[in-house]
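J.: With the sequence up front, the predicted model follows.
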Amino acid sequence: MRTTSLLAPFAFLVAMSGSPQAAGATGKSATKAAGEKAAKKACIVGDVRKGIDLLGDLFVETNDPTYIYNQGRCFEQNHRWEEALDRFQEYLRKVPDLPTGEKANVDGHIADCEAKMGKLAPPPVSPIATPAPAQPPTPTFPPTPPPPTTDNLVAISPVTATAEPRSSSRLRTAGVVTVAGGALALVGGLVCNLRANTLATDLSGSTYDRSKASQRDTYVTLGWVGYGVGAAALVTGATLYILGGRSTAGAESPTSVSLAPVLLPGLASLSLRGAY
C-alpha cells in the first residue's frame, strides 16, 4: 500500500523464524526504518541535503515513488518551493494512476508551491511612457526691408569728418584725450632715450656686446617714435580743442578735420588737415 504523508510510520510484522531468509528480511526492514527515521529528522531540523540524500538512497533500494513525494515534502517544509514543485510533478509522472483523493492531495501541494513562488517573484515593471517629441517651433523671418531709394540714401565720407556746431563739446573732449595721449608718448620716448644713453655708457666702458648694442638701437628707435607721435598728438589735440571752442555763429560753413598717419624710418607722426 502507497503512503502519501511525509515519512508515514511503517508497520512491520516480524515472523519468529530461525531461517536465514527471515533474518535477512528483518535486517533490511530495520535498515529501511532507520533510514526513514533519519531522513525525517534531517528534514525537520533543516538539514535538507542530508534528508534528500537519504530519501534518494531509499528510492534506489526499493524503487518506491513514495520517497520522491517525501522529497517534495522535505523541500516544501524548508521553503524551497521550486525544488519541491519539481519533486511533486516527478511523483505524478511516476504514478499516473493515483486514486482521486491522493492526486488531489498532491495537486494541493503543487498549487501551494506555485502560490508561494508567485509571492516571491519581483513585481512586473510597468512600462515608462515615452513623451511625444516636441514640435519644433515654426521659424519666423524678419520682414524684408524695402528696396533703397534716393530718398533714404545717406552719403558717408570715409576720410573727412564734419564737425557740426552742436558737436563742439565732443571735439574739445577729443582734443583733451589726444593731448593726454601725446604727453604719454613723449614720456615714453624720454624713458627709451634715457635707457639708450645708459646702454651707450655701458658699451663705452667695457668690451663690445652685440646684445647690448642691439638693445641700444631698439631704444633709440622707440625714443624717436615716442617723440614724433607725442608731438603730433599734442598738436592735433590742441587743434581739436580750439576747433571745439569756436562759436556756433559760423554754422553756415561747417568745419571739417581729417587725420592721416605718417610713418618714416625712425619717425612716426600724424598729419592734420582741416578747413574752417
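T.: Nice, thanks for sending it over. Given the structure is predicted, the values throughout are model-derived calculations rather than measurements. Numbers count the residues shown, from 1 in each chain.
J.: And Val106, how far from Arg80?
T.: Separation of Val106 from Arg80 (C-beta to C-beta, to the nearest Å): 17 Å. Bear in mind the C-beta positions are built from the backbone N, C-alpha and C, glycine included.
J.: Repeat that for Pro137.
T.: Pro137 is 61 Å from Arg80, by C-beta to C-beta.
J.: Which of these two has more residues huddled nearby?
T.: Each of Pro137 and Arg80 has its neighbours counted (other C-beta atoms under 10 Å); Arg80 has more, 18 against 6.
J.: Please give me every residue in contact with Val48.
T.: By C-beta atoms under 8 Å, 6 or more residues apart in numbering, the residues touching Val48 are Ala42, Cys74, Phe75, Asn78, Arg80.
J.: now the helices for the stretch 101-250 of the chain?
T.: 168-204, 210-244 (DSSP state H, counting those that start in this stretch).
J.: The last one - contacts with which helices or strands?
T.: Right, the one you point to is helix 210-244. Where contact means 3 or more C-beta pairs under 8 Å, 6 or more residues apart in numbering; DSSP states H and E, helix 210-244 is packed against helix 168-204, strand 255-264, strand 267-275.
J.: Quick one: find the helix or strand in the chain with the lowest mean pLDDT.
T.: Ranked by mean pLDDT, DSSP states H and E, the helix or strand of the chain with the weakest confidence is strand 161-163, at a mean of 47.
J.: Turn the contacts of Val48 into JSON lines, columns for secondary structure.
T.: Output for the contacts of Val48, formatted as JSON lines (DSSP: H, G, I helix; E, B strand; the rest coil):
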{"residue": "Ala42", "secondary structure": "helix"}
{"residue": "Cys74", "secondary structure": "helix"}
{"residue": "Phe75", "secondary structure": "helix"}
{"residue": "Asn78", "secondary structure": "coil"}
{"residue": "Arg80", "secondary structure": "coil"}
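J.: out of those, which is most surrounded?
T.: Neighbour max across the contacts of Val48 (other C-beta under 10 Å) = Cys74, 28 neighbours.
J.: That one and Gly51 touch, don't they?
T.: Yes. With contact defined as C-beta atoms under 8 Å, Cys74 counts as touching Gly51 (4.8 Å).
J.: Would you mind listing the residues touching both of the two?
T.: Ala39, Ala42, Cys43.
J.: Is it correct that Tyr69 is in contact with Tyr91?
T.: Yes. Counting by C-beta under 8 Å, Tyr69 touches Tyr91, with 4.4 Å between them.
J.: More neighbours: which of those two?
T.: Neighbour count, other C-beta under 10 Å: between Tyr69 and Tyr91, Tyr69 has more, with 27 against 23.
J.: Outline the domain layout of the protein.
T.: Partitioning the chain according to automatic domain parsing yields domains covering residues 22-119, 161-275.
J.: Quick one: those domains as a markdown table, columns for distance to Thr144 too.
T.: Formatted as a markdown table, the domains of the chain follow (distance: least, C-beta to C-beta, whole Å):
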| stretch | distance to Thr144 |
| --- | --- |
| domain 22-119 | 71 |
| domain 161-275 | 33 |
